[in-house]
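Predicted model, plus sequence, below.
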Amino acid sequence: MADSIIRGMHGCSQEDSYVRPDDPLVLEKLEWFQDQKLALMMHFGIYSQLGICESWPLSDGDSDWSRGGIDWEKDGDKFKQQYRDLNKSFNPVRLMPEKWADVAVRDGFKYLILTTKHHDGFCLFDTKYTDYKSTSPDCPFHTHKHADIVKSVFDEFRSRGLGIAAYFSKPDWHCPWYWAEGMEKPVACDRNPTYDPKKHPEIWEKFTQFTHNQMMELVRDYGPIDILWLDGGQVNPANGQDIRLSEFAAEARKIRPGLLFADRTVGGPNENYITPEQSVPTSPIRVPWESCVTIGSAFSYRFDERYKTPRELVNLLIDVVSRGGNLALNIAPQPDGNLPAAAVRAADGLGDWLHDNGEAIYGTRLAEPNESGKVAFTRKGDVYYALVRMPEGERLGKELFIPWTAEAGRLTLLGADAPLKFRREDGGLKVTIPEILVGHDPIAPAIRIEK
C-alpha cells in the first residue's frame, strides 16, 4: 500500500490522512498544480550570511543535529544572540530578481516557492506586524530598491508567467507571543511555545491574530499567489496549537479563489497536497504531492556545497514525475543575493534536457505501469512516454529494449523528433536506435508511444 511506502518519510503526511477538497476552484487549481511538475524553491534569509542551517540552531532542543556547522562559538546563548542580530548585517546587494527569473525560465521551472519568513521570524516582506524584516531601518538592505524582496521577486516571476507559492513558517521564534518570556519553559527550549496555549489562551490568541495578519498580507498585498506553503507542522490542533487555519483559508479564498494550502505534515482539509522532504517515494502516491529536494546537500546556502550533476537531477525528476508527483528543487542564493554559479550550471543541464524532452514531463499523469527497471513511463491521455534512465557511462547500442506490452503503433524519439523502428519481443519492444546516436551517452532518452 502507498501508506507503507511513505510512512516515516520526512515532511510527508500519510495518504490516508488526505482529504480531497470539495471546492471546484481548488480542484481546478490542483489540476494546474499537477501539470507544472517542476518548482524552483529558494531558501534565503539572514542565516545565508553564515552558511549555516536555517533557523533550527536557535532551538536548543534541535541543537544536536542543527549546530554542526557552528564552530566559532561554544556558548549557546551567545550564538543565538549572534544569529538574531544577523538582521543588522543582512545586505544582499547583488540580488537581481530578473536574474533569478532568467534561470527559472531558461531551465524549465514552472512555479516559485520562496521563503517569505522562516522559523527565525525574519521577514523578507514589508509586514506591518514586526520590525524584524528586510525593510526595517536597522537592516542595511532597507534602502535597496529590492528591499521588499518578496514583492520584487514575486512580481518578476509572475511577469514571466510562472506560478507563485509563498513559503511561510507558522511558528515564529521571534514573536513574543510564541517564544514568550517568563513562562513555563525558557525561550528557545525547543521548537514549541514556551507555554501551554490552553493555560494561556489570551497569549495564544495574540499569536493567532499575528499569524493571520501576516498570512493575509501575503494573500492580499503580494498576490495573486497560487499556493500558501505552510511549514512548521508542530503548529496544529492535535498538538494543542490551533491557529484556526480553516477559518483563515475561507477568508483568504474570498480574495484568491482556488488558493491552494500546503499545511505540511498536518493532514486534513488544509493540506491540499503532501510534501515529502529530501526524499522520493519508491512507488506511486495516488494523491497530489510534491517532493522538496535540494540541488546541493542543504536548503540554506553552504560555502563548501557539492551540487548534484545534471544526470542526477534528470533522474530525480523522472523518478518523481513517473510516481505521480512534482519536484520542488531548492537552489539557495549566496549571502550577496547572487545564485551560485555551480548550482546554475547544474540547473542548466536539467534545462537542456527538458528543452528536448519536456513533452514527456509537463502536463503528464501517472501511467500504468509507471516504471520497470531503468525505464519509467508517463502519459497524456492515450499517449505514453518511456524515459530511459541511463547510468553514467552507459552507451547507446544499436537497439534498446522498452518493457511495454500494451498496444504501440508509432514510436518517436523526442528531441530529434525521429520516428523509430521497433519489433515486439517477449515482454516488450526492441527499438532500433538511429545510427547517428549509436555510441552516445545521453542522460535519459525519451520516447513517445502512440497507438
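On my side now, so go ahead. Just so you know, these numbers come straight off a predicted model, no measurement behind them.

Distance from the chain centre to stretch 306-323, please.
Counting by C-alpha atoms, centre = their mean, to the nearest Å, stretch 306-323 is centred 14 Å from the centre of its parent chain.

With stretch 220-234 instead?
13 Å.

what about that stretch, how long is it end to end?
In stretch 220-234, first residue to last residue: 26 Å (C-alpha to C-alpha, to the nearest Å).

Repeat that for stretch 391-406.
26 Å.

Check stretch 373-393 too.
So stretch 373-393: terminal residues 18 Å apart, C-alpha to C-alpha.

Any buried residues in it, and which?
374-380, 383-390 (16 or more other C-beta atoms under 10 Å). C-beta: built from backbone N, CA, C; applies to glycine.

With stretch 279-295 instead?
Buried, per 16+ other C-beta under 10 Å, within stretch 279-295: 280-281, 284-285, 287-295.

Any idea how far that stretch is from the middle of the chain?
10 Å.

Restricting to C-alpha, output that stretch in PDB.
In PDB, the C-alpha atoms belonging to stretch 279-295 read as follows (Å, rounded to 0.1, in the frame of the first residue of the first chain):
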ATOM      1  CA  SER A 279      13.200  12.000  -0.300                       C
ATOM      2  CA  VAL A 280      11.200  10.400  -3.100                       C
ATOM      3  CA  PRO A 281       8.700   7.600  -2.600                       C
ATOM      4  CA  THR A 282       9.800   4.300  -4.100                       C
ATOM      5  CA  SER A 283       6.300   3.800  -5.700                       C
ATOM      6  CA  PRO A 284       3.400   6.000  -6.700                       C
ATOM      7  CA  ILE A 285       1.500   8.100  -4.300                       C
ATOM      8  CA  ARG A 286      -2.100   8.500  -5.600                       C
ATOM      9  CA  VAL A 287      -2.900  11.900  -4.100                       C
ATOM     10  CA  PRO A 288      -1.300  15.200  -5.200                       C
ATOM     11  CA  TRP A 289       2.200  15.500  -3.900                       C
ATOM     12  CA  GLU A 290       5.500  17.400  -4.300                       C
ATOM     13  CA  SER A 291       9.000  16.400  -3.100                       C
ATOM     14  CA  CYS A 292      11.200  19.200  -2.000                       C
ATOM     15  CA  VAL A 293      14.800  18.300  -2.600                       C
ATOM     16  CA  THR A 294      17.900  20.400  -2.600                       C
ATOM     17  CA  ILE A 295      20.200  20.800  -5.600                       C
END
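
What mean pLDDT does that stretch get?
The average pLDDT within stretch 279-295 is 96.

ok, now stretch 154-164?
98.

Going forward, the N-terminal residue is numbered 27.
In the new count, where the first residue is 27, that last one comes out as stretch 180-190.

State whether R328 and L76 are indeed in contact, as I suppose.
No. In this structure, R328 is not within contact of L76 by C-beta atoms under 8 Å, at 10.2 Å.

Would you map the helices across the chain?
Taking DSSP state H as the test, the helices found in the chain are 28-32, 50-62, 89-92, 102-110, 123-132, 175-185, 227-247, 271-281, 336-348, 367-383.

between these, which gets nearest to E451?
helix 336-348 (22.7 Å; C-beta to C-beta).

what residues does that closest one touch?
For helix 336-348, contacts defined as C-beta atoms under 8 Å, 6 or more residues apart in numbering pick out 63-64, 306, 317, 319, 321, 334, 352-353, 355, 372-376, 378-379, 387, 390, 392-393, 396-397, 402-404, 413, 415, 418, 469-470.

again, but for stretch 464-472
Contacts of stretch 464-472 (C-beta under 8 Å, 6+ apart): 336-337, 340-341, 344, 375, 379, 382-383, 385-386, 411-416, 418-424, 426, 439-441.

buried stuff in that stretch?
468-472.

Which one of these is nearest to C165?
I469 (42.5 Å).

Give me the residue at the spatial middle of the chain.
In the chain, the residue lying closest to the centroid (C-alpha atoms, centre = their mean) is A354, at 3.4 Å.

That one pairs with what?
A65, C318 (DSSP bridges).

quick one: contacts for it?
65-67, 139, 301, 316-319.

Equivalent analysis for R246, please.
I281.

Apply 10 Å and report the result again.
Neighbouring residues of R246 by C-beta atoms under 10 Å, 6 or more residues apart in numbering: 277-278, 281-282.

JSON lines please, covering those residues and showing distance to D152.
Shown next, in JSON lines, are the contacts of R246 (distance: C-beta to C-beta, whole Å):
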{"residue": "E277", "distance to D152": "21"}
{"residue": "A278", "distance to D152": "19"}
{"residue": "I281", "distance to D152": "18"}
{"residue": "R282", "distance to D152": "19"}
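
How far away from the center of its chain is stretch 397-408?
With C-alpha atoms, centre = their mean, you get 24 Å for stretch 397-408.

can you tell me the average pLDDT over that stretch?
Throughout stretch 397-408, pLDDT has a mean value of 96.

low-confidence ranges in the protein?
Low-confidence segments of the chain (pLDDT under 70): 27-35.

Could you list the domains of it?
28-386, 391-476 (automatic domain parsing).

taking the ones you listed together, which one is wrapped up most tightly?
Greatest average neighbour count among the domains of the chain goes to domain 28-386 (a mean of 19), per mean count of other C-beta atoms under 10 Å.

if we can go back for a sec, need the helices of the chain in TSV (columns: distance to W255).
Below are those laid out as TSV (distance: least, C-beta to C-beta, whole Å):
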stretch	distance to W255
helix 28-32	19
helix 50-62	11
helix 89-92	21
helix 102-110	23
helix 123-132	16
helix 175-185	13
helix 227-247	10
helix 271-281	13
helix 336-348	17
helix 367-383	20
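
Which one, of those, ends up nearest to F151?
The closest of those to F151 is helix 175-185. By C-beta to C-beta, the value is 3.8 Å.

That closest one packs against which elements?
With contacts taken as 3 or more C-beta pairs under 10 Å, 6 or more residues apart in numbering; DSSP states H and E, helix 175-185 sits against helix 123-132, strand 137-143, strand 189-195, helix 227-247.

Alpha carbons only: can I get it in CSV?
Extracted C-alpha coordinates of helix 175-185, given in CSV (Å, rounded to 0.1, in the frame of the first residue of the first chain):
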residue,chain,number,x,y,z
ILE,A,175,12.3,41.1,-1.5
VAL,A,176,9.1,39.1,-1.7
LYS,A,177,7.3,41.8,-3.7
SER,A,178,10.2,42.3,-6.2
VAL,A,179,10.7,38.6,-6.7
PHE,A,180,7.1,37.7,-6.9
ASP,A,181,6.4,40.5,-9.4
GLU,A,182,9.3,39.5,-11.6
PHE,A,183,8.4,35.8,-11.7
ARG,A,184,4.7,36.5,-12.2
SER,A,185,5.6,38.7,-15.1
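
quick one: that helix to chain centroid distance?
17 Å.

That helix versus helix 227-247: what angle between them?
40 degrees (axes from the mean of the first three to the mean of the last three C-alpha atoms, to 10 degrees).

All good on my end, thank you.
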